[in-house]
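pasting the sequence and the predicted model now:
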Amino acid sequence: MLSAKGIHKSYGSLQILKGVDLEVEKGEIISIVGASGAGKSTFLHILGSLDMPDNGSVLLNGTDLAKLSTNKLSAFRNEHIGFIFQFHHLLPEFTALENVCIPAFIAGKGRSESEKRAQYLLGLLGLSNRSHHKPSELSGGEQQRVSVARALMNSPSIVLADEPSGNLDSENANALHHLFVELRETLKQTFVIVTHNEHLAEISDRTVHMKDGLVI
Amino acid sequence: MDFYLAAILQALCFTPMCLGIYITLKVFNFPDITTDGSYTLGAVVCALGISNSLPLIVIVPVILISGALAGIATALIHTKLKVNALLSGILVMTALYSVNLSLMGRSNIPLLNRPTFFSFSIIPDTELNIFLITILIISILIVGLNYLLKSDFGLAMRATGNNELMIRSLGVNTASIKIIGLAITNSLVAFSGALVAQFQGFTDINMGIGIVISGLGAVMIAETVIRLFRIESMVLNLCCIIIGVCLFQLVLAFTLSIGIDANLLKLLTSCFVLFIVALPNSKWFKFLNVK
Ligand SMILES: Nc1ncnc2c1ncn2[C@@H]1O[C@H](COP(=O)(O)OP(=O)(O)OP(=O)(O)O)[C@@H](O)[C@H]1O
Ligand SMILES: [Mg+2]
């Protein structure tokens, strides 16, 4: 369902990606590992259309991301791609529930319908009694689970995560990893996860090693 | 006219600009220097309209559009040409100086004895009349902005300033948000310039110099008040801006009243803003446990 072919990317004279390929099937959990500076985040951003490759193509559900205008691309991202970052990036002024709703609001969905789904997702992630708390009133693990719920809000085809457990202690990190596996079981959710965490690499279906801008 | 009352009226004329600066800070996380130019632009357009005897109903939209165009220019330079946000603002502000001067044809246009906003007479007392008219205008603006900031679009605007990568990942076209946002904020700024020109009875080519700093100072005071009292409601947040501008102008009026040379006004303003900006990081302020 996701297919990236021959991805090249340079910043100035610095070649970061030198022809990376990746095929992802529905319901797969793929982890991307590699040394710092190997280009993992850059590659993930290109998969998620946050950045454009100099060369090569990304197809998601048969749509060539390079062929979409900026506006169409934004809408496509909203509908089909969920992101989780190392830091939760929740908006501090809003409650957990409101934060989870944001992707739905951006899509122009109604408030009550959105809140119902957000409540369901927060329940799924064991946060039902935290929905009216602000991010500052939540623990690190809880904050990250809220951002997982936000990523799932519009039922994306794929979730891209960049070191999602990089900021958590090992207990919270393991819980988050098992959550990914559970979500794959219950929702058939597809994940591509950049990680330095060996536990996460172990429990994923496939591990992709990146080195010097190439998959090895 | 009473010295302090004049300062308050002046502050009320500045309020639309400060609302604009507040939104730019929230939304884009940077002060928009275009302000200095679009403020004068609003005053210039207003002066030209009034001295050519155009009706206010025509002049007001033209003022708003002129400000919006200035904002759009900055936003386009920033988003399309990838120029740093501060630099984009400085470029447009500098260009606007020539635009303003060419539009005016001279450096000062008097507006005395011409029909202005303040010619509408709600009550006979001139000062009180100005007060009521500005309060009325500001109320309309606050209601409108509150609605805007609470809408889905407003949410996306606020999130853009908070974390652009995140909001982009959620599927927001942040470039259009910035373009529309700066258009709105600069039309507020231009409108403020026009209000001040009518209030003081003339438009001057140099009236916008350093105005963004005064606005910033007022907004900083407002944010301190907001934090101090943990004000959450958006309407009250916006109302705090009025308090911020008034306090700021009153302090300036006070320093002038104790006999400080008016030529030092900009220096004073800068020092005062520096004080306000540095204050939240100071020890005794942290002691108050404000965050
Ligand atoms: N916007 C940019 N401009 C210039 N260079 C960049 C930019 N973004 C990334 N780079 C460079 O590209 C290289 C790869 O960066 P990237 O963030 O993809 O690495 P990474 O594999 O995710 O590393 P880490 O594990 O530390 O997160 C780095 O050398 C980085 O300095
Ligand atoms: Mg990285």
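Noted; the coordinates are in hand. Remember, predicted model here, so these are calculated numbers, not experimental data. Ligands and ions are numbered 1, 2, ... in the order given.

CA only for contacts and neighbour counts going forward, please
Noted.

strands along chain B, start to end?
Listed in chain order, the strands of chain B (DSSP state E) span B:108-110, B:202-204.

give me the pLDDT value at B:Asn281.
At B:Asn281, the predicted lDDT confidence score is 69.

could you pull out the helices in the chain for me?
Assuming you mean chain A. Counting by DSSP state H, chain A has helices at residues A:40-47, A:70-80, A:96-106, A:111-124, A:140-152, A:170-187, A:198-203.

look at chain B instead
B:3-28, B:34-51, B:56-79, B:85-104, B:126-150, B:152-162, B:164-169, B:174-200, B:211-228, B:234-257, B:265-278, B:283-287.

return the most buried member of those.
Of all these, helix B:34-51 has the most neighbours on average by mean count of other C-alpha atoms under 10 Å in any protein chain shown, namely a mean of 28.

got the contact list for the residue sitting nearest the centre point of chain A?
Residue closest to the average C-alpha location in chain A (C-alpha atoms, centre = their mean): A:Leu160, at 2.5 Å. Neighbour list for A:Leu160: A:44, A:48, A:81-84, A:191-193 [criterion: C-alpha atoms under 8 Å, 6 or more residues apart in numbering or on different chains].

how about the residues you listed in JSON lines, adding distance to B:Ala197?
Formatted as JSON lines, these follow (distance: C-alpha to C-alpha, whole Å):
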{"residue": "A:Leu44", "distance to B:Ala197": "53"}
{"residue": "A:Gly48", "distance to B:Ala197": "50"}
{"residue": "A:Ile81", "distance to B:Ala197": "50"}
{"residue": "A:Gly82", "distance to B:Ala197": "50"}
{"residue": "A:Phe83", "distance to B:Ala197": "49"}
{"residue": "A:Ile84", "distance to B:Ala197": "50"}
{"residue": "A:Phe191", "distance to B:Ala197": "59"}
{"residue": "A:Val192", "distance to B:Ala197": "58"}
{"residue": "A:Ile193", "distance to B:Ala197": "58"}
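
out of those residues, list just those in strands.
A:81-84, A:191-193.

which among those gets closest to ligand 1?
Within the ones in strands among the contacts of A:Leu160, the smallest distance to ligand 1 is 11.3 Å, found for A:Ile193 (C-alpha to the nearest ligand atom).

write down the beta-bridge partners of the closest one, one by one.
A:Ser31, A:Ala161 (DSSP bridges).

thought it was touching A:Val24?
No. Between A:Ile193 and A:Val24 there is no contact under C-alpha atoms under 8 Å: 11.8 Å.

ok, what's across the strand from A:Ala4?
The partner residues for A:Ala4, given DSSP bridges, come to A:Leu22, A:Val58.

ok, of the ones in strands among the contacts of A:Leu160, which one's closest to chain B?
Distance to chain B, by C-alpha to the nearest C-alpha, is smallest for A:Phe83 among the ones in strands among the contacts of A:Leu160, at 6.3 Å.

what number of residues lie near the closest one?
27 (other C-alpha atoms under 10 Å in any protein chain shown).

quick check: chain neighbours aside, which residue is closest to it?
A:Leu160 (4.9 Å; C-alpha to C-alpha, 6 or more residues apart in numbering or on different chains).

and if you look at B:Ile205?
Distances taken as C-alpha to C-alpha, 6+ apart place B:Ser107 nearest to B:Ile205, at 5.2 Å, with adjacent residues excluded.

looking at per-residue confidence, what score does the one you found get?
Listed pLDDT for B:Ser107 reads 94.

which residues of the stretch 1-150 of chain B lie near ligand 1?
Applying the criterion C-alpha under 6 Å from any ligand atom, no portion of the stretch 1-150 of chain B neighbours ligand 1.

low-confidence ranges, the stretch 1-150 of chain B, go.
Within the stretch 1-150 of chain B, the segments meeting pLDDT under 70 span B:1.

one more pass at 80, please.
For the stretch 1-150 of chain B, applying pLDDT under 80 flags the ranges B:1, B:26-28, B:30.

residue of it closest to ligand 1, please.
Proximity of the stretch 1-150 of chain B to ligand 1 (C-alpha to the nearest ligand atom) peaks at B:Lys82, 12.3 Å away.
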